[in-house]
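S.K.: What follows is a predicted structure for the sequence shown.
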Amino acid sequence: MESLEIIGFTKDYRTDTNVIYAQILVNEYFDLIGENYNKFQLQRKKEIHRGYKRLKEDLEEGALLPGITLAIEPSKAKAFIPLIEKRDTDKISLQLESTKDSIYILDGLQRTHKIKELIDSKIEFKAEQKLLLEIWVEPEISHLVYRLIVLNSGQKPMSMRHQIELLFTTMRTTLIKDIPTLEILVENKEDKRTKASQFPFERLVTAYYSFLTKSPEVDKSTIVSQKIVEEKIMDESEEYLSDSFNSFKGYLKKYCELDEGLFRICNNTELKSFRNWFADANVINSFFSSIGKLHETKAKRIEKAINVLIEKLKSAQKGEDVIKLNEYKKIREEVADPKRYNVGFATRLLLSKSFDEYFRDEGDRTLYECWIESSINLKKD
């Protein structure tokens, strides 16, 4: 990677984020970002668009592309700070070379796809054809959360869901460090869930989205009310967004404990069809949307309720239907009548209302009792 050259520095003084400007030969770009650059970019797969076809043709003829924005995973970013302060470009280049598995694309994925297609086609680029790079170096999680969710929204036509995906992409190492049992599955490689605490990347993205928006409905971003909710979140302070992410991370750690308990009970038993219940999209989104609604005023109640459920699962015998999931299945089928509701919507409605009640009651009533009450109320509507 001899062509990597540091050409400048700047700083975002609102978040105190250091930014490195660099350039590199096009044919050495993947030596910097690694061949597995698209590992977690589930929502930004290759797009087919006339403009991208022209972009590829122009690139082959030697066109200079708009700069690509990269970010360094926070746990690796701190090592860059003293080097940036000294403007030690040689050591920064060496540090970047040794950090390629923790460098992520924030803006420029489609351009990167086209470069990869040309390289795979054995196209030879012009001898001095280079890419411009903007590299964010942010070790503070609070700044990164704010930067990705708020500041980025004013610069690019990017959905909030997409921005949360970027956040989780750049912070996956931090999440796994803080939650040792957590394993993030790469869905676009069709990884299979074989044990507890394994969650597809997309599930974590939508769980946090549900937590922030206080709604389990994650696929209706064009609805006006949803846009209003998102805009309200964008208006929040850095401290609020940072605290919210840390709260979510704490609840996710507890959620992994719930998943561990249920997986143990159900695996290789007559309940095996329920072993992944806590990994189901409807369940995880409903759980975190309920917590999002209540945690600011009822955090102690939520904590007590979750702990009650964790202990119930830990003390249960293998194969024991301790939370009555067989009964839940019957209740859900009655409520989610396709003649009246969209099945997925009705399921999330039942679950979110039940989790609301369960958390408010501090776990004094069982989930089964909450399912019964919520189903009765839904049938009246």
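M.R.: Happy to help now that I have it.
S.K.: And the helices in the stretch 201-350 of the chain, which stretches?
M.R.: Applying DSSP state H, counting those that start in this stretch to the stretch 201-350 of the chain gives helices spanning 201-213, 224-234, 238-266, 281-315, 325-335, 343-360.
S.K.: which of the ones you listed sits most buried?
M.R.: Greatest average neighbour count among those goes to helix 201-213 (a mean of 23), per mean count of other Cβ atoms under 10 Å. Any C-beta I mention is one placed from the backbone N, CA and C, and that applies to glycine too.
S.K.: Residue 18 is nearest to which of the helices of the stretch 201-350 of the chain?
M.R.: Nearest of the helices of the stretch 201-350 of the chain to residue 18, taken as Cβ to Cβ: helix 238-266 at 16.9 Å.
S.K.: Report back the residue of the protein that's furthest from centre.
M.R.: residue 127 (38.8 Å; Cα atoms, centre = their mean).
S.K.: In terms of helices and strands, where is that one?
M.R.: Remark: residue 127 resides in no helix or strand, with elements defined by DSSP states H and E.
S.K.: same question, residue 58
M.R.: Here residue 58 sits within helix 50-60, counting by DSSP H and E.
S.K.: Check residue 71 too.
M.R.: Following DSSP H and E, one finds residue 71 within strand 68-72.
S.K.: For whichever helix or strand comes after that strand, list the C-alpha coordinates in PDB.
M.R.: Remark: after strand 68-72, the chain's next helix or strand is helix 74-77, criterion DSSP H and E. Output in PDB follows, covering the C-alpha atoms of helix 74-77 (Å, rounded to 0.1, in the frame of the first residue of the first chain):
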ATOM      1  CA  PRO A  74     -14.000   3.600  18.000                       C
ATOM      2  CA  SER A  75     -11.900   1.100  20.000                       C
ATOM      3  CA  LYS A  76      -9.100   1.500  17.300                       C
ATOM      4  CA  ALA A  77      -9.500   5.200  16.900                       C
END
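S.K.: Could you tell me which other helices and strands the strand holding residue 71 packs against?
M.R.: strand 103-107, strand 130-137, helix 160-178 (3 or more Cβ pairs under 8 Å, 6 or more residues apart in numbering; DSSP states H and E).
S.K.: what's in contact with that strand?
M.R.: For strand 68-72, contacts defined as Cβ atoms under 8 Å, 6 or more residues apart in numbering pick out 33, 80, 99, 102-108, 111-112, 131-138, 144, 166, 170.
S.K.: how far off helix 160-178 does that strand point, in degrees?
M.R.: Relative orientation of strand 68-72 versus helix 160-178 (axes from the mean of the first three to the mean of the last three Cα atoms, to 10 degrees): 30 degrees.
S.K.: Give me the sheet partners of strand 68-72 and which way each runs.
M.R.: With DSSP bridges as the test, strand 68-72 is paired with strand 103-107 (antiparallel), strand 130-137 (parallel).
S.K.: Dump those strands into a markdown table; add mean neighbour count, distance to residue 197 and mean pLDDT as well.
M.R.: Shown next, in a markdown table, are those (neighbours: other Cβ atoms under 10 Å; distance: least, Cβ to Cβ, whole Å; pLDDT from 0 to 100):
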| stretch | mean neighbour count | distance to residue 197 | mean pLDDT |
| --- | --- | --- | --- |
| strand 103-107 | 20 | 23 | 83 |
| strand 130-137 | 21 | 30 | 92 |
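S.K.: and residue 175, which of the ones you listed is closest to it?
M.R.: The minimum distance between residue 175 and these falls on strand 103-107, with 13.8 Å, by Cβ to Cβ.
S.K.: between the helices of the stretch 201-350 of the chain, which gets the lowest average pLDDT?
M.R.: Note on the helices of the stretch 201-350 of the chain: helix 224-234 shows the lowest mean pLDDT, a mean of 52.
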